[in-house]
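Enquirer: Quick check, what structure comes out for this input:
(4 chains)
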There are 2 protein chains.
Amino acid sequence: MSHPARPPETRPTERLGRRLASGTAIYQAGDNGLAWRLQRGVVRLDSVGRDGEWQFASLAIAGDILGCETLLLGSYAFSASALTDCSLSPWPEGAPALAGESLLASLATAQRRAADVVALRGGQAAERVLGLIRLLADAGGRVVLPSRQDIADITDLRFETISRIISNLQRENLLTPLRVAGVHATRSFQMHCPPA
Amino acid sequence: MSHPARPPETRPTERLGRRLASGTAIYQAGDNGLAWRLQRGVVRLDSVGRDGEWQFASLAIAGDILGCETLLLGSYAFSASALTDCSLSPWPEGAPALAGESLLASLATAQRRAADVVALRGGQAAERVLGLIRLLADAGGRVVLPSRQDIADITDLRFETISRIISNLQRENLLTPLRVAGVHATRSFQMHCPPA
DNA sequence: CGAGCACTTGATCTATGTCAACGGTAGTGG
DNA sequence: CCACTACCGTTGACATAGATCAAGTGCTCG
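Expert: This is a model prediction of the structure:
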């Protein structure tokens, strides 16, 4: 529909307890595999049309469960890729029994997360981007953002618009780029606005 | 944010196995209650901000489970209201044991539904509305739509825009209003486009 | 009968999309 | 080391989809 196909960048699967660099594919819709807990980072989930185009479907952030559906269906329903550096560990932890309790908990957070994502696609452009930044910021207001294009896919805006909005936020001192190796990063920021 | 507060239209809760008219509130975020299976109709879920404004969060259609989170948290996380005439029955059916299997199934469909809703908020206006119509149509292409305003809230458009789009679809013969009591209905249609 | 509500349609405005040019950085191969 | 390419991000100029404002219709309910 409105979003461009993305080239699936594949890498060999590492052993359990994976670390993934920003941009790497984690799994593809239809693959067989495990469910994971996302320990750190941000993951994008896309649904895949019959003709293979990717369409942004949801977001997972640290603490979320990834690929639950594989426990029921045997294969992934979405394709997952890392928007920032990530680490994953197999889920469920400990006993392999499908503990009803932890399933319920993961269902509840999935619902909340879905509502958050829906909210990121409504209202004024600047509010949407700010909403995403708030969602991704840690308690101290530090954020590592996805690429402009990924932010655009998430918020249903264009990357030029995202670029302009982030420039404005810097101009208004709501966001200051962090220095990484002596230069201003384009993706790491300190946020200066109320976290809610 | 971008969406207006809606007046919560309350009604006394009926006994188990409920039928609800279009427009009625089903439950409010924070209430205690059961989980339900939606047997018929379309339900809107809103998250409620601290200041009480409602914000569209998700959609449930026939077959979906409503208010799962109450099993874990003891109270509803969202407010639910009927967008068309609905019927509900308590869930889980039969044994009160939290069957891991059916929980998983409901988690999987919740994820899919969330992805559908996200898709309804991206791309061209006419495509979004058509996407919603497809989602709500039965196998024969018959649909009972929510009000123009509710469609607008779901798709993040304005009700005037929805009205124009539906008028266009009729003009292009993709949609024909059904006759109800001799007059053209404004919400019941026959769809004439491919269901996928 | 009048009030309220949902819907329709027209005229105009504007936020965001689109197109284009350019700069910086990383990687690659000579 | 430099050239070269590819990719990502920034910024400007302009176009347009959809928002906004306004007026009017018809239905339902008291």
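Enquirer: tell me the contacts of A:A82?
Expert: A:20-24, A:26, A:41-44 (Cβ atoms under 8 Å, 6 or more residues apart in numbering or on different chains). The way it works is simple: take the backbone N, C-alpha and C, and place the C-beta from them, glycine included.
Enquirer: What of A:R50?
Expert: A:R50 neighbours (Cβ under 8 Å, 6+ apart): none.
Enquirer: Next, the buried residues of stretch A:61-79.
Expert: A:61, A:64-72, A:76-79 (16 or more other Cβ atoms under 10 Å in any protein chain shown).
Enquirer: my bad, stretch A:30-43
Expert: Result for stretch A:30-43 [16+ other Cβ under 10 Å]: buried residues A:33-38, A:41-43.
Enquirer: Check chain A and tell me which residue is nearest its centre.
Expert: What sits nearest the mean C-alpha location of chain A, by Cα atoms, centre = their mean, is A:V43, with 3.1 Å.
Enquirer: and that one, what helix or strand is that in?
Expert: Using DSSP states H and E, A:V43 falls within strand A:42-48.
Enquirer: Parallel or antiparallel, which strands does the helix or strand harbouring A:R37 pair with?
Expert: Assessed by DSSP H and E, A:R37 sits inside strand A:35-40. Strand pairing for strand A:35-40, determined by DSSP bridges: strand A:65-66 (antiparallel), strand A:86-91 (antiparallel).
Enquirer: just the ones you listed: most buried one?
Expert: strand A:65-66 (a mean of 22; mean count of other Cβ atoms under 10 Å in any protein chain shown).
Enquirer: near DNA strand D at all, stretch A:185-196?
Expert: Yes - using Cβ under 7 Å from any atom of the strand, we find that stretch A:185-196 touches DNA strand D at A:186-187.
Enquirer: Where does A:L71 sit: helix, strand or coil?
Expert: Taken by DSSP: H, G, I helix; E, B strand; the rest coil, the conformation at A:L71 corresponds to helix.
Enquirer: And the pLDDT at it?
Expert: The confidence metric pLDDT takes the value 90 at A:L71.
Enquirer: roughly how far apart are it and B:S167?
Expert: Here A:L71 is placed at a distance of 46 Å from B:S167 (Cβ to Cβ, to the nearest Å).
Enquirer: now A:R18
Expert: Distance from A:R18 to B:S167, by Cβ to Cβ: 52 Å.
Enquirer: more crowded one of these two?
Expert: More neighbours surround A:R18 than the other of A:R18 and B:S167, with 18 against 11 (other Cβ atoms under 10 Å in any protein chain shown).
Enquirer: That one is in contact with A:S87, isn't it?
Expert: Yes - checked against Cβ atoms under 8 Å, the pair A:R18 and A:S87 is within contact range at 6.8 Å.
Enquirer: Can you say which of the contacts of A:A82 are buried?
Expert: Buried, going by 16+ other Cβ under 10 Å: A:20, A:22, A:24, A:26, A:41-44, out of the contacts of A:A82.
Enquirer: List just the nearest of those to DNA strand C.
Expert: Within these, distances to DNA strand C taken as Cβ to the nearest atom of the strand reach their minimum at A:S22, with 11.8 Å.
Enquirer: Assign that closest one to helix, strand or coil.
Expert: coil.
Enquirer: so what pLDDT did it get?
Expert: Taking A:S22 on its own, its pLDDT is 93.
Enquirer: Relative to chain B, how far out is it?
Expert: 22 Å (Cβ to the nearest Cβ, to the nearest Å).
Enquirer: A:A114 too?
Expert: 4 Å.
Enquirer: Let me see the contact set for that residue.
Expert: A:58, B:57-58, B:110-111, B:114, B:117-118.
Enquirer: doesn't it fall inside a strand?
Expert: No - going by three-state DSSP, the assignment for A:A114 is helix, not a strand.
Enquirer: Count the residues that sit near A:T155.
Expert: Based on other Cβ under 10 Å, the number of other residues close to A:T155 is 25.
Enquirer: Where does the prediction get shaky in chain A?
Expert: A:1-16, A:94-100, A:195-196 (pLDDT under 70).
Enquirer: Within range of chain B, give me the residues from it.
Expert: A:1-3, A:45, A:47, A:55-58, A:68-69, A:71-73, A:77-78, A:98-101, A:103-108, A:110-112, A:114-115, A:117-119, A:121-124, A:127, A:156 (Cβ under 8 Å from any Cβ of the partner chain).
Enquirer: One more pass at 6 Å, please.
Expert: Residues of chain A lying close to chain B by Cβ under 6 Å from any Cβ of the partner chain are A:1-2, A:47, A:57, A:68-69, A:71-72, A:98, A:100, A:103-104, A:107-108, A:114-115, A:117-118, A:121-123, A:156.
Enquirer: out of the residues you listed, which touch DNA strand D?
Expert: Within these, nothing lies near DNA strand D by Cβ under 7 Å from any atom of the strand.
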